[in-house]
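Enquirer: Got a sequence here, can you build the structure:
(one chain, ligands or ions: 2)
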Amino acid sequence: MNNSTSSSTSSLSLDQMQQLTELLVETPSLESIEAEVQRRKYNLLETYYQETGKLSRHAYPKHCAFFKAGAVHRERCMMAANRVGKTDAACFETTAHLTGAYPVWWEGKKFLHPIDSWLAGDTGTTVRDILQKKLFGEYHDVGTGFIPGSKITKTTNKSGVREAIDTAVIRHETNGRFDGYSTVVLKSYDQGRKSFQGGKPHIILLDEEPAIDIYTECLLRTMTNNGLIIMTFTPLMGMTELIYTYLDPTKELV
Ligand SMILES: Nc1ncnc2c1ncn2[C@@H]1O[C@H](COP(=O)(O)OP(=O)(O)OP(=O)(O)O)[C@@H](O)[C@H]1O
Ligand SMILES: [Mg+2]
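Expert: Ligands and ions are numbered 1, 2, ... in the order given. Have a look, this model is predicted:
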């Protein structure tokens, strides 16, 4: 056995020997491939808005303009067609604020401290199936969404909605240094305006258009901390009062 191995390798030229050595050095082991698959599973964020590739951020100029506008506008709305990546964009930005891990190319608003956030949508069930899933991943495998698994310190469950997260605590770093914890509260419009009273979040993500009374309440809530409202929806209800206030900046709600 040893003899046959040595006779087959000894028949290789120096060049071939060099190539074989390079291949052996470069070929990753099965363990390292498995470790990388696991790492990527809990770091979905790094696959979005990259510099190169078919889905690079350069293919999403409007999404990038939306991010950039956050540096100067407290209220932003991405009103667009279905399935164009509205919710993903809002979840990507929210994750950056929650963790403090802004991409190097980020030109939007930056918070240099942990933040409090509210994430809201139509009902407890849709918030679970859309926002919760995008940000936290599978309920039984938390960390497989936008927020990297290593950053999710704690989650609590919502009562009344099966497998729904109510609150979460996220590890925050500013310029790479740990400086505390951000918080997430998941809410829904069907809880009514009163459930949006109190608190002073730095960010409110509204996925789908809320009733105007809820929007106004959110606007008041974010005033204390000069917070952001990030709203994403397809205008299925036609020209509502809320849409008019966005299209006509002279119209103010509060
Ligand atoms: N920047 C992106 N890079 C790669 N894939 C993306 C990106 N944005 C969106 N996608 C893909 O497009 C799908 C739709 O995105 P998303 O759910 O954000 O769209 P939407 O506009 O909110 O849709 P809806 O109208 O249903 O609310 C996602 O599941 C994802 O697979
Ligand atoms: Mg959506």
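
Enquirer: I'd assumed residue 125 was in contact with residue 160.
Expert: No. Contact criterion C-beta atoms under 8 Å: residue 160 and residue 125 do not qualify, at 10.2 Å. To be clear about C-beta, it is placed using only N, CA and C from the backbone, and glycine gets the same treatment.

Enquirer: out of these two, which sits in the busier spot?
Expert: Legend: neighbour count by other C-beta atoms under 10 Å for residue 160 and residue 125, higher for residue 125 (14 against 8).

Enquirer: My guess is the more buried one contacts residue 163. True?
Expert: No. Using C-beta under 8 Å, residue 125 makes no contact with residue 163, being 10.1 Å away.

Enquirer: Please report how far residue 19 lies from ligand 2.
Expert: Counting by C-beta to the ion, to the nearest Å, the gap from residue 19 to ligand 2 is 50 Å.

Enquirer: now do residue 107
Expert: Residue 107 is 23 Å from ligand 2, by C-beta to the ion.

Enquirer: So for that residue, what pLDDT did the model give?
Expert: On pLDDT, residue 107 comes in at 97.

Enquirer: That one belongs to a strand?
Expert: No. Under DSSP: H, G, I helix; E, B strand; the rest coil, residue 107 sits outside any strand and is assigned coil.

Enquirer: quick one: contacts for it?
Expert: Listed by C-beta atoms under 8 Å, 6 or more residues apart in numbering, the contact set of residue 107 reads 67, 68, 71.

Enquirer: How many neighbouring residues does the residue of the chain found nearest ligand 1 have?
Expert: Distances between the chain and ligand 1 by C-beta to the nearest ligand atom are smallest at residue 85, namely 2.8 Å. As a burial measure, residue 85 scores 17 neighbours (other C-beta under 10 Å).

Enquirer: how many other residues sit next to the closest residue in space to it that isn't next to it in sequence?
Expert: Leaving aside its sequence neighbours, residue 85 sits nearest to residue 63 (C-beta to C-beta, 6 or more residues apart in numbering; 6.3 Å). Neighbours of residue 63 under the rule other C-beta under 10 Å: 22.

Enquirer: likewise residue 68?
Expert: Quick note: residue 68 (other C-beta under 10 Å) scores 14 neighbours.

Enquirer: do the same with residue 176
Expert: 7.

Enquirer: likewise residue 111?
Expert: 19.

Enquirer: Was I right to think it contacts residue 225?
Expert: No. Contact status for residue 111 versus residue 225: not in contact, 9.2 Å apart, counting by C-beta under 8 Å.

Enquirer: So for these two, which residues contact both of them?
Expert: In contact with both residue 111 and residue 225: residue 202, using C-beta under 8 Å, 6+ apart.

Enquirer: contacting residues around stretch 133-149?
Expert: By C-beta under 8 Å, 6+ apart, stretch 133-149 touches 41-45, 48, 87-88, 91-92, 94-95, 98-99, 119, 132, 150, 152, 155, 163, 165, 168, 170, 184.
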